[in-house]
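Visitor: how does the following fold in three dimensions:
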Amino acid sequence: MDGRRVSESRITFTQPMGLDMANVLGNVHGGIIMKICDEAGAFAAMKHARRPVVTVSVDSMSFHSAVNIGNLLTVEAEVTWVGRSSMETRILVTAEDLMSATVTHTNTAFFVYVALDDAGRPTDAPPLIVETDEERRLFEEGAQRQALRLERRREERALRR
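Guide: A predicted model of the protein is given here:
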């Protein structure tokens, strides 16, 4: 299977934040932002695998600042690490106040997806071709995060017994 470059998976979603997205404090509800992040990450993973994918994990997602109603939300996603069927995507979120032109980085997260075959079972994903120092660093860090995820899964299974 031929590998694919990180750049081939990049995707950008841009969406205005409307009143229907508000929480009780009048900011954009965090769940709305998480949904948009999941969709962007899934599309980046699908672009890489050229297969359907499902979300299997979301590493911690901390919100550094609020997203306000009326902001233009931009979510950028790219594949940063690939295992056999698993793909990690890095999600970068910014909010732009269109009146002041102020752009705020609101959060970064890593979502993991699994490529699916025609029967809906996990299938191999193409290897990731890393070309820059930054891509290599993210790939190595992604491998470390995956090892931690697998260890947590083993611990969770042991607790259920």
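
Visitor: please enumerate the strands of the protein.
Guide: Residue ranges of the strands in the chain, as given by DSSP state E, are 4-5, 11-16, 53-58, 72-82, 86-97, 102-115, 128-129.

Visitor: in a markdown table, list those along with mean neighbour count, mean pLDDT and distance to G142.
Guide: For glycine as for every other residue, the C-beta is placed from the backbone atoms N, C-alpha and C. Below are these laid out as a markdown table (neighbours: other C-beta atoms under 10 Å; pLDDT from 0 to 100; distance: least, C-beta to C-beta, whole Å):
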| stretch | mean neighbour count | mean pLDDT | distance to G142 |
| --- | --- | --- | --- |
| strand 4-5 | 17 | 98 | 15 |
| strand 11-16 | 14 | 97 | 17 |
| strand 53-58 | 16 | 96 | 12 |
| strand 72-82 | 23 | 98 | 3 |
| strand 86-97 | 22 | 98 | 5 |
| strand 102-115 | 20 | 97 | 7 |
| strand 128-129 | 19 | 98 | 9 |
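
Visitor: to R153, which of these lies closest?
Guide: strand 53-58 (8.9 Å; C-beta to C-beta).

Visitor: quick one on the thing from earlier: which one of the strands of the chain lies closest to E156?
Guide: Once these are compared by C-beta to C-beta, strand 53-58 is nearest, at 11.7 Å.

Visitor: tell me what the lengthiest helix in the chain is packed against?
Guide: Counting residues, the longest helix in the chain under DSSP state H turns out to be helix 133-160. Applying 3 or more C-beta pairs under 8 Å, 6 or more residues apart in numbering; DSSP states H and E, one finds that helix 133-160 makes contact with strand 72-82, strand 86-97, strand 102-115.

Visitor: repeat the analysis, applying 6 Å as the threshold.
Guide: Applying 3 or more C-beta pairs under 6 Å, 6 or more residues apart in numbering; DSSP states H and E, one finds that helix 133-160 contacts strand 72-82.
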